[in-house]
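S.K.: Structure of the sequence below:
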Amino acid sequence: MPVFAETSKPTIVLVHGAFADSSSWNEVVSRLENDGYPVVAVANPLRGVKFDGEYVGHVLNGLKTPVVLVGHSYGGSVISEAAADADNVKALVFVAAFAPEPGESAAALSSKEPGSTLAPTLAEPVVLEDGVKDLYIDQSKFPEQFAADVPLADARLLAVTQRPITDAALTEPVRKAGWKNIPSWFVYGDADKNIPPTTLQWMAERANSKGTVAVKGASHVVMISHPDEVTKLIETAAETIN
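M.R.: Predicted structure coming up:
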């Protein structure tokens, strides 16, 4: 694990979601570090909720500081799973992210309300040896679907470098919901095409969100297109930790 300079600030642990990687947090990371926060951007395996949650849990166990755990999209399911068993997680921040109840999956939540247009944009899946499929968004459809408010050249790069998620990960129910016992904050774009904004707002309300920000016109990658708003909410959560 990284060794940070002595600080009274909590560590911010960032967990990316499907069709993305840790670089999706770059603009948020630079702002947090400029404000003196130690940051870890985890490479989420995207293999399954239990597996990914345990992996993030190992990362959390290696940190000897209070933690604000942040998840984007499917990463919300992962942080919900991981935080339940991590005593050092003091706050959760869901960034255009799922906050499932035990027994709920990302796929089920994304179809709870109409509005998600993800399914028709998926490319031909990659069939793995065990029959599980790796899913990608078609590169030609990625900018409009995933990152409509990001400059087109940047969105095309995101399309090429996207990381796949297994179909099983999206349909696997979570076993634990850390947000039931840990204070949580939510931020999302009101033009999200992956997860309907009405569902994102509903999950925030169900989790008794301490603060919810709906960014006007923002896409699913609100942390890329609106890093100031996302960073501000993360820091708001961090400031509540004594």
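
S.K.: Measure how far stretch 72-79 is from the centre of its chain, please.
M.R.: 4 Å (CA atoms, centre = their mean, to the nearest Å).

S.K.: outside of that stretch, which residues touch it?
M.R.: By CB atoms under 8 Å, 6 or more residues apart in numbering, the residues outside stretch 72-79 that reach it are 14-18, 20, 24-25, 44, 46, 49, 52-53, 56, 69-71, 92, 94-100, 105-106, 165, 169-170, 174, 178, 194-195, 220-221, 223. (C-beta placed from N, C-alpha, C; glycine too.)

S.K.: Go through these and flag which are in helices.
M.R.: For those, the ones inside helices are 49, 52-53, 56, 106, 169-170, 223, with DSSP state H as the criterion.

S.K.: Relative to G36, which of those is nearest.
M.R.: M223 (19.4 Å; CB to CB).

S.K.: Report the separation between that closest one and R206.
M.R.: 22 Å (CB to CB, to the nearest Å).

S.K.: which stretches of this protein have low pLDDT?
M.R.: 1-6 (pLDDT under 70).

S.K.: what residue lies at the spatial centre of it?
M.R.: H72 (1.3 Å; CA atoms, centre = their mean).

S.K.: Pull the contacting residues for I12.
M.R.: 32, 37-40, 67-68, 70, 234, 238.

S.K.: now do 7 Å
M.R.: Taking CB atoms under 7 Å, 6 or more residues apart in numbering, we find I12 in contact with 32, 37, 39, 68, 70, 234, 238.

S.K.: give me phi/psi at it?
M.R.: Note on I12: its backbone torsions stand at phi -100, psi 120 [degrees, to the nearest 10].

S.K.: And the strands in the protein?
M.R.: 11-15, 39-42, 67-72, 89-95, 126-127, 133-135, 165-166, 184-189, 212-215 (DSSP state E).

S.K.: Show me which of these has the highest average neighbour count.
M.R.: strand 67-72 (a mean of 30; mean count of other CB atoms under 10 Å).

S.K.: That strand pairs with which strands, parallel or anti?
M.R.: strand 11-15 (parallel), strand 89-95 (parallel) (DSSP bridges).
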